[in-house]
Structures are given as structure tokens and as C-alpha cells.
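Trainee: Only the shape, not the letters, is given here:
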């Protein structure tokens, strides 16, 4: 009797698992869904993240920098006061998930 009950529970669990469709699986495994969404990050999402990173950095103060993102390639334009700010802006942009390459066209401002 114990074997029939155990095998019945196993078969019910197996059937239930097979019946789950993709949307139910996504609801059961939200971390997996977030991981996949992060891997396929859109240009708009990359733009937002780079813009925030640059604007919030006390050294770069990059709120005035222009950012363009196309297929994961980030182009930075504008002016900063020092070479250090220029290089840090590039490093910050490279750290953003989904960025494939950074084209640094930032110029140094002349006083």
C-alpha cells in the first residue's frame, strides 16, 4: 500500500510539472527571467543606466554629456575639464551591463 501511495504522488507531481506552460514557469522562477532580461538589455535601458552613472559620479559630473547607444555600443560626447574625468566617464560606461564597446569622443574644455 505504501508503494502505491508513493508512486501515485510521484506520478501526480510529474504530471503537474509537465502541465506547466512557459508563463507559469516564468512566474515560478522570476530570478531566471530577470537574468535573461538583463542579458538582452535594450539600448534604452543601457542609455538610462549610463546616464545615471555619469550624472551621479562626483568626479565626472556627467549630466551634461551626450550619450548615444546603438546595438550596445555607447558613444560619449561633450566636454569635461580634465583627462581624468574623460577616462573615468569611459570606465563607468564600460561597467554597465550590456555595453559591448565605448567610443569616447569627449573633449577637454579650454579655459
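Mentor: Ah, there it is. Model, not experiment: these values are computed from the prediction. Numbering: from 1, shown residues only.

Trainee: can you tell me how far residue 43 sits from residue 102?
Mentor: 14 Å (C-beta to C-beta, to the nearest Å). All C-beta atoms are positioned from the backbone trio N, CA, C, and that covers glycine.

Trainee: And residue 60, by the same measure?
Mentor: Counting by C-beta to C-beta, the gap from residue 60 to residue 102 is 13 Å.

Trainee: Residue 43 and residue 102: which has the busier surroundings?
Mentor: Using other C-beta atoms under 10 Å as the criterion, residue 43 and residue 102 rank with residue 102 on top: 18 against 15.

Trainee: Surely that one touches residue 90?
Mentor: Yes: between residue 102 and residue 90 there is a contact under C-beta atoms under 8 Å: 5.2 Å.

Trainee: Now the common contact residues for the two.
Mentor: residue 76 (C-beta atoms under 8 Å, 6 or more residues apart in numbering).
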